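Enquirer: predicted model follows, preceded by the sequence.
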Amino acid sequence: NAGVMQNPRHLVRRRGQEARLRCSPMKGHSHVYWYRQLPEEGLKFMVYLQKENIIDESGMPKERFSAEFPKEGPSILRIQQVVRGDSAAYFCASSPRTGGDNEQFFGPGTRLTVL
Amino acid sequence: LAKTTQPISMDSYEGQEVNITCSHNNIATNDYITWYQQFPSQGPRFIIQGYKTKVTNEVASLFIPADRKSSTLSLPRVSLSDTAVYYCLVGDGGAGSYQLTFGKGTKLSVIP
């Protein structure tokens, strides 16, 4: 059973460009979470999605960031007009259900560098 | 969400037992205690979870005293490959508990 897959693993963008990060959850998992990790910091929650629904986007910046989890295909985290402060590691996690007693399985992350 | 406090870093020699303590004075009745491990350039990996007393699996043990205001992750006979950052998380199973809150964690360095 393949784990959570993320691509690309590394992404370089110039200021003002768009970044698209993809996440394929583990088989059988219908809950997807995105986190951002700045250097020397812990992960910070961004958004929680189920198929075709955004459940909680309270951790997402109000502008330029969006996420989706379509009926078919991977979840996408989209960052428009990137700035240097967006440089970070972005991790996706999935779970078969939600709840504090439920383990989240993390992907290897996408490291975004904005020049 | 209960705030957690853990040491920033720890060093240990190979073969030793390592104990990492996490303080969570404001833990709520419904909160679970979960530990994750993160290797460089990888996503966090679940290690162990408990509610009270002691939990043991093939990787680690988790000790939780009766007042639950702290917990200790115990790694037996560490090896170089255990060098990683270890995060202590506290949360309940209710609404919003999917928002895992990671602090800065404890950076464990295992020395040969």
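Expert: On my side now, so go ahead.
Enquirer: please make it C-alpha for all contacts and neighbour counts, starting now.
Expert: Will do.
Enquirer: which residues touch the closest residue in space to residue A:25 that isn't next to it in sequence?
Expert: In space, and not counting its chain neighbours, residue A:25 is closest to residue A:4: 4.8 Å by C-alpha to C-alpha, 6 or more residues apart in numbering or on different chains. Listed by C-alpha atoms under 8 Å, 6 or more residues apart in numbering or on different chains, the contact partners of residue A:4 are A:23, A:24, A:25, A:26, A:92, A:93, A:94, A:105, A:106, A:107, A:108.
Enquirer: check the last one and give its pLDDT.
Expert: On the pLDDT scale, residue A:108 is placed at 95.
Enquirer: so who does it touch?
Expert: Counting by C-alpha under 8 Å, 6+ apart, residue A:108 makes contact with A:4, A:5, A:6, A:9, A:91, B:41, B:42, B:43.
Enquirer: shaky segments in chain A?
Expert: Filtered on pLDDT under 70, chain A yields the residue ranges A:1, A:98-102.
Enquirer: tell me which residue is most central in it.
Expert: What sits nearest the mean C-alpha location of chain A, by C-alpha atoms, centre = their mean, is residue A:34, with 3.5 Å.
Enquirer: once you drop chain neighbours, what's closest to it?
Expert: Leaving aside its chain neighbours, residue A:34 sits nearest to residue A:92 (4.5 Å; criterion: C-alpha to C-alpha, 6+ apart).
Enquirer: surely the one you found touches residue A:23?
Expert: Yes. The pair residue A:92 / residue A:23 is scored as a contact, 6.3 Å apart, by C-alpha atoms under 8 Å.
Enquirer: between the two, who's got more neighbours?
Expert: residue A:92 (32 against 27; other C-alpha atoms under 10 Å in any protein chain shown).
Enquirer: sorry, back to before: the contacts of residue A:4 into TSV, with extra columns for secondary structure?
Expert: Formatted as TSV, the contacts of residue A:4 follow (DSSP: H, G, I helix; E, B strand; the rest coil):
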residue	secondary structure
A:23	strand
A:24	strand
A:25	coil
A:26	coil
A:92	strand
A:93	strand
A:94	strand
A:105	strand
A:106	strand
A:107	coil
A:108	coil
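Enquirer: select from the residues you listed the one having the most neighbours.
Expert: When neighbours are counted by other C-alpha under 10 Å, residue A:92 leads the contacts of residue A:4 with 32 neighbours.
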